[in-house]
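**Q** Model the following, please.
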Amino acid sequence: MSADQRYSLHPATRTTSTADAIRAVDPDSVRERNDWPLFDRMLHGLALRSRELLLDAGCASGLLCAMATGIGAKVVGVDPSPLHVTTARRRNPRGEFHVGRLEELPFADARFDAVTLVNALQRCTQPTRVLRELRRVLRGSGRLALVAWGDPRGCENAICFESVRPADDEALVRSTGPYAYAASGAVVDALLRADLRATLNEHVSCTHAYADVRAARQGLVGGGHAPDSWRLMSENEQMDRLAPLLEPYRAIDGSYALRNTFRLVVARPTR
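**A** Below you'll find the predicted structure:
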């Protein structure tokens, strides 16, 4: 399978997820429909097996946990948001979910066969401490899968950062949260500092689809990708600002398709 293959909900692109996992996607959630292909590739790279115990660190609404349950894994989630944890518990009645900080995980050492962390490291104030906590709760033979946004030159979602898009893309990497680990080797170096060695390191390309400007606002702004300054605007102001930025990606039917790249790294403990 090519590392640059684009994934969608089409059956031909399914790797690990079963029909139960596919049904776990909330059809009303723009973000979940767009996240599903990336999560599917992540589980495939992790080689998660039935009955293994998975920790999803920063589990949000529990989609990845539901997909892992769909392939027979046992799941545990932790997230700092009580609202997210409530949703994840409702969605995964057989799972175990906790409200907590990733810097101080409420779990015993060497509990998990696998750990996942999706687009969360850049939001952590102590990223090395977080990775060391994930290493602590991982069994010696376990695997950690981490996903981070890729090079912003390959991420069309970066249109939200139009005010800081310079010719020198390194300035964008330095100045914006989502791309904090986009530089070559940044994720691998961060893992090494936590005694984790990369065994898989690849780009994954995913197309994010939006039916209209309102759906794009939900995905780009409501989903947390836009700069913080956008959250000071009303929803109508956000859509007014977003519409001209989206115009180059508009299809005849009025929908939009934005191509993005992610860095997927799977690592194991070094000792």
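
**Q** in a strand, that's where Asp109 is, yeah?
**A** No: counting by DSSP: H, G, I helix; E, B strand; the rest coil, Asp109 falls outside a strand, being coil.

**Q** ok, and the closest non-adjacent residue to it?
**A** Nearest non-adjacent residue to Asp109, counting by CB to CB, 6 or more residues apart in numbering: Arg136, 5.6 Å away. All C-beta atoms are positioned from the backbone trio N, CA, C, and that covers glycine.

**Q** part of a strand, is the one you found?
**A** No: under three-state DSSP, Arg136 falls outside any strand and is assigned helix.

**Q** Now the residue sitting nearest the centre point of the chain: closest residue in space that isn't a chain neighbour?
**A** The chain has Val118 as the residue nearest its centroid, 3.4 Å off, counting by CA atoms, centre = their mean. The shortest distance from Val118 to any non-neighbouring residue, by CB to CB, 6+ apart, is to Val147 (4.7 Å).

**Q** tell me the SS of that neighbour?
**A** strand.

**Q** list the contacts for it?
**A** Residues near Val147 by CB atoms under 8 Å, 6 or more residues apart in numbering: Leu38, Met42, Leu117, Val118, Asn119, Val204, Phe262, Arg263, Leu264, Val265.

**Q** can you pull out the strands in the chain?
**A** 6-7, 53-57, 74-79, 96-99, 112-118, 138-149, 196-210, 256-269 (DSSP state E).

**Q** Tell me where the model's unsure across the stretch 1-150 of the chain.
**A** Applying pLDDT under 70 to the stretch 1-150 of the chain flags the ranges 1-25, 27-28.

**Q** ok, back up a step: a markdown table for the strands of the chain, including distance to Leu232?
**A** Listed next are the strands of the chain as a markdown table, based on distance: least, CB to CB, whole Å:
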| stretch | distance to Leu232 |
| --- | --- |
| strand 6-7 | 34 |
| strand 53-57 | 29 |
| strand 74-79 | 25 |
| strand 96-99 | 27 |
| strand 112-118 | 27 |
| strand 138-149 | 23 |
| strand 196-210 | 22 |
| strand 256-269 | 23 |
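
**Q** From what I see, the residue nearest to the centre of the chain and Met42 are in contact.
**A** Yes: in this structure, Val118 is within contact of Met42 by CB atoms under 8 Å, at 7.1 Å.

**Q** Quick check: beta-bridge partners of Thr261?
**A** Ser205 (DSSP bridges).
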